[in-house]
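Novice: Kindly generate the corresponding structure for this input.
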Amino acid sequence: MEEQVPASNFPPAQQGITPEQLEQLKARAREAAIMQTYQQQKKVEYQIGEPLPPGTYVANSAINPLAPKVVYVKRSLTVAEIGLMLLLSCGLVFGTQLAVNFAVNTLPRIEIKMK
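Specialist: You can find the predicted model right below:
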């Protein structure tokens, strides 16, 4: 069974790993991660045709080249948008409270007099 398992690139486990060996392992892992990320970005650029900023998503352009190119960009909300949401939510709550107050307290007092 042990013959079927491929050998790893790392040295066999030792009782004590020195700090120098640990730094070498970290550096090797960091370089491998950078190369893997670089290769993935290169593959994405080849499929799409042009490099895009980080956090973007292109729909349907890789599948169907005749489809319109739609780019979604993640961004945070601005102060004005947060303020607008706050005002709208307060207005909705206040308006609902006024409507319920009018329906509960004012409508029962109204009398319709017939001559």
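
Novice: got the buried residues for stretch 27-47?
Specialist: Using 16 or more other Cβ atoms under 10 Å as the test for burial, stretch 27-47 gives no buried residues. Heads up, the C-betas are built off the backbone N, CA and C, glycines and all.

Novice: Which secondary structure state does residue 111 sit in?
Specialist: Per DSSP: H, G, I helix; E, B strand; the rest coil, the local secondary structure of residue 111 is coil.

Novice: That one: neighbouring residues, count only.
Specialist: 5 (other Cβ atoms under 10 Å).

Novice: Quick check, pLDDT for it.
Specialist: pLDDT, residue 111: 86.

Novice: gap between it and residue 36?
Specialist: 80 Å (Cβ to Cβ, to the nearest Å).

Novice: Likewise for residue 77?
Specialist: In terms of Cβ to Cβ, residue 77 sits 33 Å off from residue 36.

Novice: got it, and residue 99?
Specialist: Residue 99 is 59 Å from residue 36, by Cβ to Cβ.

Novice: pLDDT on whichever helix in the chain runs longest, on average?
Specialist: Taking DSSP state H as the criterion, the chain has its longest helix at helix 19-48. Mean per-residue pLDDT for helix 19-48: 81.

Novice: now swap in stretch 80-91 and tell me
Specialist: 97.

Novice: Pull the residues that contact it.
Specialist: With Cβ atoms under 8 Å, 6 or more residues apart in numbering as the contact definition, stretch 80-91 has outside contacts at residue 77.

Novice: Any idea how many residues pack against residue 25?
Specialist: 13.

Novice: and this protein, what are its domains?
Specialist: The chain breaks down by automatic domain parsing into domains covering 18-74, 76-110.

Novice: Could you tell me the end-to-end distance of the longest one?
Specialist: Looking at domain 18-74, the gap from its leading to its trailing residue is 43 Å under the measure Cα to Cα, to the nearest Å.

Novice: Kind regards, and thank you for your time.
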